[in-house]
Each structure stands twice: as C-alpha cells, then as structure tokens.
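Colleague: Let's see this in three dimensions:
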Amino acid sequence: MKNPFDAVSRPVIDPDYSPTPGYTEQEWATLVGTARDHHRASAYRKRAYALLLVLYTCCLRIHSLLNARVEDLGYDKGHRVLHLEKMKGGGRKKKPIPPMAWDALQDYLDGRTTGWLFCTTSGGQLDEPAVWRLLQSLAKRAGLPLRGPHGAKGDAITHALAKPDARPDKIQRWADHKDSRTTQRYNRRKELLDDSPGYGIGADVASALAHGTA
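Modeller: Now for the predicted structure:
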C-alpha cells in the first residue's frame, strides 16, 4: 500500500542553526555584574546573582536548577557539589560548583538549609517564567540582546570549547551530552559567525573607501 505522505516535502532542520542570540564571555560578565549590582529590585540581587552564576558555571538547563533543593547541596572529595535528578533513565548526577558560584549561593541562602534552592519570597518554587522576566530585565539594563535562560548552557559550552586548553571529552561530560557531535555543534555555530569571509571583504571595501581608491 502506498504511503500518502511519500510526496509530502519534509522540513529541513539545520542542526547548526539556533535562533537564540549567544553572549560573549564579556557580555556574560556584564550580565552577572548587572544582576549583582544593578538589579532594579535590590532585595532580589543576591538571588539573581547566584542563579546566573550557578546556571552558567555548572552548565545547567534551567528546569534542572529550578527543581533543585537546598538539601541537594553536598561535598565530595574536596568539591562542593549539587546533586541533580537525571532527566532520562532515573538516578542522580553530581555537578561541581566553582568557588565563586558557591560563595554567591551561600550569601543568597544566608544559612537556609531546607526548601527549594531558588525560591520565591514565600518559599515557593521559583518558576521558569519568573527567570525569563528576570533575564529580560537584566539584559535591558545591561544593554544586551534580549533572551531567556535556555541560552546559558549553550554559551557555557561555547566558551569552554574556546579555551586554549579545552578538552572536548571533558566538556562533553560536563554538558551531559551522550554524543560528542552534540558538543561540537556549538563550535560549528560559533565558527559560522567568527570565520565568515564577509568580514575580510567588508574590511577591504572599508579600506578602499577610506583611502579614496574606490
């Protein structure tokens, strides 16, 4: 029997394309600094600062971070860690928390030992729409492109891969990617922009115009 959908054109999905604008490392520093020092609601600055640092330096998806509880914080072999539920297959995984992020987190928690890691003023679970609003507000104040929290993990991977001593295998594990091709996709997305020949020919045109040779 003939499949009636055989003649239907399927959409082509380019795995190297993402509509989310990426931030540079300097732009991330600007965003984090804005959260710490210039967030409109000063009462929420510590929470915003800690949330951004943990999200970025632990290479987390936002839903994983929002589902974490204070009781999930721990210590293992000299590392401060966050125990997270695995999305597939059950079980738990450990994420080491860098010292800067840990210090910001402890400053925000202020001795609290139970409840949602990032919570509302009433102690309820902070939700994703609230984080979207937070990042939109911070981006506006920092003069950065507007976007939500889902780009944080991609930025962390891209920036880690750009380090001179980068180990793709370690970054793959840190990012929780089962396939190395998923990790390398972030490199390709960056290279498509950074290595564009348009920059070179554009500079030549600019030079010709500046010297009156055009």
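Colleague: What are the boundaries of the helices in the chain?
Modeller: 25-37, 45-57, 62-66, 99-109, 128-142, 151-161, 168-174, 180-194, 197-210 (DSSP state H).
Colleague: Let me have those in CSV, adding distance to Phe118, mean neighbour count and mean pLDDT as columns.
Modeller: Where C-beta positions appear, they are placed from N, C-alpha and C, glycine not excepted. Output for the helices of the chain, formatted as CSV (distance: least, CB to CB, whole Å; neighbours: other CB atoms under 10 Å; pLDDT from 0 to 100):
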stretch, distance to Phe118, mean neighbour count, mean pLDDT
helix 25-37, 13, 17, 95
helix 45-57, 5, 23, 96
helix 62-66, 6, 19, 94
helix 99-109, 8, 17, 96
helix 128-142, 8, 17, 95
helix 151-161, 14, 21, 90
helix 168-174, 21, 15, 88
helix 180-194, 25, 15, 69
helix 197-210, 40, 10, 75
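Colleague: Of all these, which one is nearest Thr120?
Modeller: helix 128-142 (7.7 Å; CB to CB).
Colleague: and that closest one, what other elements does it pack with?
Modeller: helix 25-37, helix 45-57, helix 62-66 (3 or more CB pairs under 8 Å, 6 or more residues apart in numbering; DSSP states H and E).
Colleague: any chance of those helices in TSV, with distance to Ala130 too?
Modeller: Formatted as TSV, those follow (distance: least, CB to CB, whole Å):
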stretch	distance to Ala130
helix 25-37	14
helix 45-57	10
helix 62-66	9
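Colleague: mind checking which of those helices is nearest Leu144?
Modeller: Closest to Leu144 of these is helix 25-37 (CB to CB; 5.6 Å).
Colleague: Contacts made by the closest one with the rest, please.
Modeller: 23, 45, 48-49, 51-53, 56, 135, 138-139, 141-142, 144, 155, 159 (CB atoms under 8 Å, 6 or more residues apart in numbering).
Colleague: Next: stretch 143-163.
Modeller: 18, 20-23, 25, 27-28, 30-31, 52, 55-57, 59-62, 128, 131-132, 135-136, 139-140, 166, 168, 171, 174-175, 183, 186-187, 189-190.
Colleague: try stretch 105-114
Modeller: The contact list for stretch 105-114 (CB under 8 Å, 6+ apart) reads Lys46, Arg47, Tyr49, Ala50, Leu53, Val54, Arg69, Val70, Glu71, Leu73, Ile97, Leu117.
Colleague: Which pair in those has the greatest spatial separation?
Modeller: Tyr49 and Glu71 (21.9 Å).
Colleague: Give me the distance from stretch 138-151 to the chain's centre.
Modeller: 12 Å (CA atoms, centre = their mean, to the nearest Å).
Colleague: Send me that stretch as PDB with only the CA atoms.
Modeller: Provided in PDB are the C-alpha atoms of stretch 138-151 (Å, rounded to 0.1, in the frame of the first residue of the first chain):
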ATOM      1  CA  LEU A 138      18.700  42.400  33.300                       C
ATOM      2  CA  ALA A 139      19.500  42.300  29.600                       C
ATOM      3  CA  LYS A 140      17.700  45.600  29.100                       C
ATOM      4  CA  ARG A 141      19.600  47.300  31.900                       C
ATOM      5  CA  ALA A 142      22.900  45.900  30.600                       C
ATOM      6  CA  GLY A 143      22.200  46.900  27.000                       C
ATOM      7  CA  LEU A 144      22.400  43.300  25.800                       C
ATOM      8  CA  PRO A 145      20.200  41.400  23.300                       C
ATOM      9  CA  LEU A 146      17.000  40.100  25.000                       C
ATOM     10  CA  ARG A 147      16.700  36.300  25.500                       C
ATOM     11  CA  GLY A 148      15.600  33.700  28.000                       C
ATOM     12  CA  PRO A 149      17.600  31.300  30.200                       C
ATOM     13  CA  HIS A 150      17.900  28.400  27.700                       C
ATOM     14  CA  GLY A 151      20.900  30.000  26.000                       C
END
